[in-house]
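A.B. asks: Sequence first, predicted model second:
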Amino acid sequence: MVIVGAGVVGAACAYYCAAAGLRVTVIERGAIGGGTTAACEGNILLSDKEAGPELELALLSSRKWAELAEELGGSSLEYESKGGVVVAASPETAEGLAKLTVEQRNAGIDAIDVPGPDMFDLEPNLAPGVASGAFYPQDSQVQPMLATAQLLRRAVQRGATVLTNTEVVGFVRARDGALNGVRTTSSSMPTVHAKWVVNAAGTWSGQLADLAAAAVPILPRKGFILVTEPLPRVIRHKVYTAEYVANVASSDEGLQTSVVVEGTRAGTVLIGASRERVGFDRSVSLPVLRTLAAQAIAVFPFLSEVALLRSYLGFRPYCPDHLPVIGPDPRAQGLIHACGHEGAGIGLSTGTGALVAQSIVGDALDLDLTPFRPDRFEETKAS
């Protein structure tokens, strides 16, 4: 099999497929983890998920990340089960958050309602006057580049091959029209034959799918992150406002910002998150950066005295229905998709990789892939 893309999703597919005994070749047009994976925070979240298929995939993936931390060593991934804290600043927001936590508990999330005064036991440096909040002990985090490298390293130990700086420019087809491999820009390996091709090209997965005449509507959704100077452990969890959940689920093309703040092992604090669909425009917007900084200060006032080291941006692979595309494509025999995870690719990668491997070898699936099927968008158009 060939996996196109060496971000965290492609790496997870390689890990689980190699573990299943498949002969794996990973092809990456740039560097390992050099796309969306390099521009994210490494979150493994349940707290921002509503009941439904994505939450089921998140629960599966969270368990698999914990298993990987046991197998590979938590320090090798910088895996940390630090939990998540959601802040409701107003009574209206608090009411909406309380309804959400009820639904989440019914769906299997450990969501703990926290009265306003008790929020400071979780995060002592919060701004005063918080109405209420919720604590999610299952939320965790990895260092995305380390995790990607470790998954690929273990796949290589099991016989996988990784080709970097090599672009897939087309597909090889058998006489019956089924995909039979890929054509690349490599002079030494211009053609790689394979029974299965996995589309794990992240934000560029739509372009790869077009080459196979199996369109999936994946578009880039731009976002910025701010990075502070190193600090002592002043923020204990991943902390975000209740508005973040609504922004994640929004289909609006315009700019949306909702504060997300968390510390790293290096002591820096990461501040996000913005979302807007502006194609692959990489220009830096100072108004967006100022808005993110102001929102973070509103939640943690001490940040007003902290220096920012830098900012960076990336593109999330957005799907119109906010569900990833996973599984065999009935329109192109031999093509399997593992893409469209938007901002949840790190967290959902392990479950996705396991499901891809199960699909290929014919094992019982951990989840029903029907909600994630690649041709669902054509069905929507037809109706």
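C.D. replies: Thanks, I have the structure now. Numbers count the residues shown, from 1 in each chain.

A.B. asks: ok, then the element right after the lowest-mean-pLDDT helix or strand in the chain?
C.D. replies: Across the helices and strands of the chain, mean pLDDT, DSSP states H and E gives its lowest value to helix 243-249, namely a mean of 62. Later in the chain than helix 243-249, the nearest helix or strand by DSSP states H and E is strand 256-263.

A.B. asks: now for that following strand, which elements pack on it?
C.D. replies: Contacts defined by 3 or more Cβ pairs under 8 Å, 6 or more residues apart in numbering; DSSP states H and E place strand 256-263 against strand 238-241, helix 243-249, strand 269-275, helix 286-299. C-beta here means a position set from N, CA and C on the backbone, and glycine is covered the same way.

A.B. asks: try it again with 10 Å
C.D. replies: With contacts taken as 3 or more Cβ pairs under 10 Å, 6 or more residues apart in numbering; DSSP states H and E, strand 256-263 sits against strand 84-88, strand 219-228, strand 238-241, helix 243-249, strand 269-275, helix 286-299.

A.B. asks: Compare these and report which one is nearest to residue 63.
C.D. replies: Nearest to residue 63 among the helices and strands packed on strand 256-263 is strand 84-88 (16.7 Å), distances taken as Cβ to Cβ.

A.B. asks: mind listing what the closest one pairs with, with the direction of each?
C.D. replies: Partner strands and pairing direction for strand 84-88 (DSSP bridges) are strand 132-136 (antiparallel), strand 238-241 (parallel).

A.B. asks: quick one: low-confidence ranges for the stretch 151-300 of the chain?
C.D. replies: For the stretch 151-300 of the chain, the stretches with pLDDT under 70 are 245-253.

A.B. asks: Repeat the analysis, applying 80 as the threshold.
C.D. replies: For the stretch 151-300 of the chain, the stretches flagged by pLDDT under 80 are 243-254.

A.B. asks: Doesn't residue 26 belong to a helix?
C.D. replies: No - using DSSP: H, G, I helix; E, B strand; the rest coil, the assignment for residue 26 is strand, not a helix.

A.B. asks: residue ranges for the strands of the stretch 1-150 of the chain, please.
C.D. replies: For the stretch 1-150 of the chain, the strands defined by DSSP state E, counting those that start in this stretch occupy 2-4, 25-27, 43-44, 84-88, 112-115, 132-136, 140-141.

A.B. asks: Remind me what the first one packs against, helices and strands.
C.D. replies: To tie it back to what came earlier, the one meant is strand 2-4. Using 3+ Cβ pairs under 10 Å, 6+ apart: strand 2-4 touches helix 8-19, strand 25-27, strand 161-163, strand 168-173, strand 179-184, strand 197-199, helix 205-211, strand 335-339.

A.B. asks: Can you say which of these is nearest to residue 76?
C.D. replies: helix 8-19 (13.2 Å).

A.B. asks: Nearest residue to the residue positioned nearest the centre of the chain in space, please, no chain neighbours.
C.D. replies: In the chain, the C-alpha nearest the mean C-alpha coordinate belongs to residue 345, at 1.7 Å (Cα atoms, centre = their mean). Once flanking residues are discounted, residue 345 sits nearest to residue 9: 5.6 Å by Cβ to Cβ, 6 or more residues apart in numbering.

A.B. asks: how close does the residue nearest to the centre of the chain get to residue 92?
C.D. replies: 32 Å (Cβ to Cβ, to the nearest Å).

A.B. asks: Flag every buried residue along stretch 298-307.
C.D. replies: Neighbour-count burial for stretch 298-307 flags 299-300, 303, 306 (criterion: 16 or more other Cβ atoms under 10 Å).

A.B. asks: Can you lay out the residues you listed as JSON lines showing distance to residue 79?
C.D. replies: Below are the buried residues of stretch 298-307 laid out as JSON lines (distance: Cβ to Cβ, whole Å):
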{"residue": "299", "distance to residue 79": "25"}
{"residue": "300", "distance to residue 79": "25"}
{"residue": "303", "distance to residue 79": "26"}
{"residue": "306", "distance to residue 79": "26"}
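
A.B. asks: of all those, which two lie farthest apart?
C.D. replies: When Cβ to Cβ is used, the two most widely separated members of the buried residues of stretch 298-307 are 299 and 306, lying 13.1 Å apart.

A.B. asks: what's the overlap in contacts for the two?
C.D. replies: Residues touching both residue 299 and residue 306 by Cβ atoms under 10 Å, 6 or more residues apart in numbering: residue 271.

A.B. asks: ok now do the residue nearest to the centre of the chain, which residues does it touch?
C.D. replies: Residue 345 sits in contact with 7-9, 12, 35-37, 40, 43, 144, 200, 202-203, 316-317, 324, 338-339, 352, where contact means Cβ under 10 Å, 6+ apart.

A.B. asks: Show me just the buried residues among those.
C.D. replies: Buried members of these, counted by 16+ other Cβ under 10 Å: 7-9, 12, 35-37, 40, 43, 144, 200, 202-203, 316-317, 324, 338-339, 352.
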